[in-house]
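In: Generate a structure from the sequence data that follows.
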Amino acid sequence: MARVEVITGPERRRRWSEDQKREIVAASFAPGAVVREVAGQAEVSAGQIYRWRQELRAAASGFAQVLIASSAGPDQGVREPTCGEPAVEVELAGKARVRIPASIPADLASAVIKALARR
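Out: Sure thing, here's the model as predicted:
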């Protein structure tokens, strides 16, 4: 049986919390997910999910979630860095990996990451 939501009063639109939006958008990015199917499950239009994706991307303002991991694998000892100074290693969705030494200016590091992200 179909579910019916009755809205009384002047408000005709459903309000979604930021957490609900993020949850739906994350489901749409899951491996093998089809936006149309995710939209049907969440009872929104596919276009709404694409709009939320854009809004969340714009709100991110260039920052991404960071995973801090040791350089040692489960069967390996600690790997020595290739250079003697501290560095940040960035992996972009499995497409590219770059190691940025601490001495590199922030503008240059940002430009390199942006260029690699476009690939």
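
In: from here on, contacts and neighbour counts on C-alpha atoms
Out: Will do.

In: Show me what secondary structure element comes after the worst-scoring helix or strand of the chain on mean pLDDT.
Out: Lowest by mean pLDDT, DSSP states H and E among the helices and strands of the chain is strand 87-92, with a mean of 80. Once the chain leaves strand 87-92, the next helix or strand it forms, by DSSP states H and E, is strand 96-101.

In: before we move on, the earlier item: which strands border the least confident helix or strand of the chain, and is each parallel or antiparallel?
Out: Sheet pairing of strand 87-92 (DSSP bridges) gives strand 96-101 (antiparallel).

In: List the buried residues of the partner strand.
Out: By 16 or more other CA atoms under 10 Å, the buried positions in strand 96-101 come out as Ile100.

In: Mind listing residues that contact that strand?
Out: Contacts to strand 96-101, defined as CA atoms under 8 Å, 6 or more residues apart in numbering, come from residues 85-91, 109, 116.

In: Could you export it as CSV, CA atoms only?
Out: Provided in CSV are the C-alpha atoms of strand 96-101 (Å, rounded to 0.1, in the frame of the first residue of the first chain):
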residue,chain,number,x,y,z
ALA,A,96,46.9,9.7,-8.7
ARG,A,97,49.1,10.0,-5.6
VAL,A,98,51.4,12.9,-4.8
ARG,A,99,53.8,13.5,-2.0
ILE,A,100,54.1,17.1,-1.0
PRO,A,101,57.1,18.1,1.2
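
In: Check the offset of the top helix by length along the chain from the chain's centre.
Out: Ranked by residue count under DSSP state H, the longest helix found in the chain is helix 46-60. Remark: helix 46-60 is offset 11 Å from the chain centroid, using CA atoms, centre = their mean, to the nearest Å.
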